[in-house]
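**Student:** sequence first, predicted model second:
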Amino acid sequence: MTRPAPDAGHWVDELQARGIAASALPLIDIAPTEIPSEALSKARCACATPGHYRAVMFVSGNAVSHFFAPGVRLAPGTRAWSPGPGTARTLQAAGVPTAQIDGPRPDATQFDSEALWPEVRAQIQSGDRVLLVRGGSGASGSGREWLAEQLRRAGATLEFVAVYERHAPQLAPTALALAREAAHDGTLWLFSSSEAISNLQRALPGTDWSQARALATHPRIAAAAQQAGFGHVQQCRPSLSEVAASIESAHEH
């Protein structure tokens, strides 16, 4: 499990509860961004002002966690956009009413910006303002850039605030040993980010991944794994039940 901690640990617990042997090897570190405090304060204040934003797009659960603080809220008429159910659950935990949250349909092929847009595009009118709460350090993502372009075409004005940073972790010797073994011992790598694959390649330069197996939760991530040289790449939707089913199916074969 290569997701950032503590999310990786949560997934490991869930998979182990289903009888799947899982280990955490976080390949992305998350930390608060080094932005001027007034920039975030201004965005939080604007979000609480009725009518200021048509919607606020949170790119991930980390975006939600680092944006909200005690006393921070969204104005009742401001929509909260989520790319998937995990982010939606974090929004609910932050106190955003379920009825105020928009996201892809539960049966969507993928949980991403492309799946979100058909559900929210009717909300946008020319001149509307939309805030995109995201990570920094190059964490924008091609899907979010695509969504930004759709919003601009619809006449919306976009504003951005980066509330966290994503970094390549410094892997401990035990983690590096685990990664080297998993390159050839039949371990199934679960990737939910292309960035994790890039960080893995930088941590183990020159490694032959032709015997490695990967499970990717998005076509772009699967393509990145193939480009990195993974010999077997499988794809599934990013829900826990489908990830678990894909893991069990992979081990059967």
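**Tutor:** Looks like it arrived, so ask away.
**Student:** so what's the most centrally placed residue in the chain up against?
**Tutor:** Centrality entry for the chain: nearest residue to the mean C-alpha point is Ser60, 4.8 Å, by Cα atoms, centre = their mean. Taking Cβ atoms under 8 Å, 6 or more residues apart in numbering as the contact definition, Ser60 lies against Pro83, Gly86, Thr87, Gly135. Where you see a C-beta, it was placed from the backbone N, CA and C, and this is true even at glycine.
**Student:** which two among those are spaced furthest apart?
**Tutor:** Greatest spacing in those, by Cβ to Cβ: Gly86 and Gly135 (15.0 Å).
**Student:** give the residue spans of the protein that score low on pLDDT.
**Tutor:** Residues of the chain meeting the criterion pLDDT under 70: 35-36, 137-143, 251-253.
**Student:** how is it partitioned into domains?
**Tutor:** For the chain, automatic domain parsing gives the domain ranges 7-28+170-252, 32-166.
**Student:** kindly reformat these as a markdown table containing distance to Met1.
**Tutor:** A markdown table is the format used below for the domains of the chain (distance: least, Cβ to Cβ, whole Å):
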| stretch | distance to Met1 |
| --- | --- |
| domain 7-28+170-252 | 5 |
| domain 32-166 | 14 |
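**Student:** now the strands for the protein?
**Tutor:** Taking DSSP state E as the test, the strands found in the chain are 29-32, 55-58, 79-81, 101-102, 129-136, 157-167, 188-191, 213-216, 232-235.
**Student:** out of the ones you listed, which is closest to Ala22?
**Tutor:** strand 188-191 (8.3 Å).
**Student:** residues contacting the closest one, please?
**Tutor:** 1-3, 11, 182, 197, 212-217, 221, 224-225, 230, 243, 247, 250-251.
**Student:** list the strands paired with that strand, with their directions.
**Tutor:** strand 213-216 (parallel) (DSSP bridges).
**Student:** contact partners for Thr98?
**Tutor:** Taking Cβ under 8 Å, 6+ apart, one finds Ala88, Gln92 in contact with Thr98.
**Student:** and for Arg18?
**Tutor:** Arg18 neighbours (Cβ under 8 Å, 6+ apart): Ala244.
**Student:** try Ile124
**Tutor:** Contacts of Ile124 by Cβ under 8 Å, 6+ apart are Arg54, Ala55, Val130, Leu151, Ala154, Gly155, Ala156.
**Student:** now for the residues you listed: which two are most distant?
**Tutor:** Checking the contacts of Ile124 with Cβ to Cβ, the most distant pair is Ala55 and Gly155, at 13.6 Å.
**Student:** what number of residues lie near Gln150?
**Tutor:** A total of 16 residues lie near Gln150 under the criterion other Cβ atoms under 10 Å.
**Student:** CA atoms only: put stretch 203-215 into PDB for me.
**Tutor:** Below are the C-alpha coordinates for stretch 203-215, written out as PDB (Å, rounded to 0.1, in the frame of the first residue of the first chain):
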ATOM      1  CA  ALA A 203      14.300   5.800  -4.600                       C
ATOM      2  CA  LEU A 204      15.500   2.700  -6.400                       C
ATOM      3  CA  PRO A 205      17.200   3.900  -9.600                       C
ATOM      4  CA  GLY A 206      18.100   1.200 -12.100                       C
ATOM      5  CA  THR A 207      15.800  -1.400 -10.600                       C
ATOM      6  CA  ASP A 208      14.300  -3.900 -13.000                       C
ATOM      7  CA  TRP A 209      10.600  -3.900 -12.500                       C
ATOM      8  CA  SER A 210       9.800  -6.500 -15.200                       C
ATOM      9  CA  GLN A 211       8.800  -9.100 -12.600                       C
ATOM     10  CA  ALA A 212       6.800  -6.700 -10.500                       C
ATOM     11  CA  ARG A 213       3.000  -6.600 -10.400                       C
ATOM     12  CA  ALA A 214       1.000  -3.500 -10.000                       C
ATOM     13  CA  LEU A 215      -2.700  -2.700  -9.300                       C
END
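**Student:** having no further points to raise, I will conclude here.
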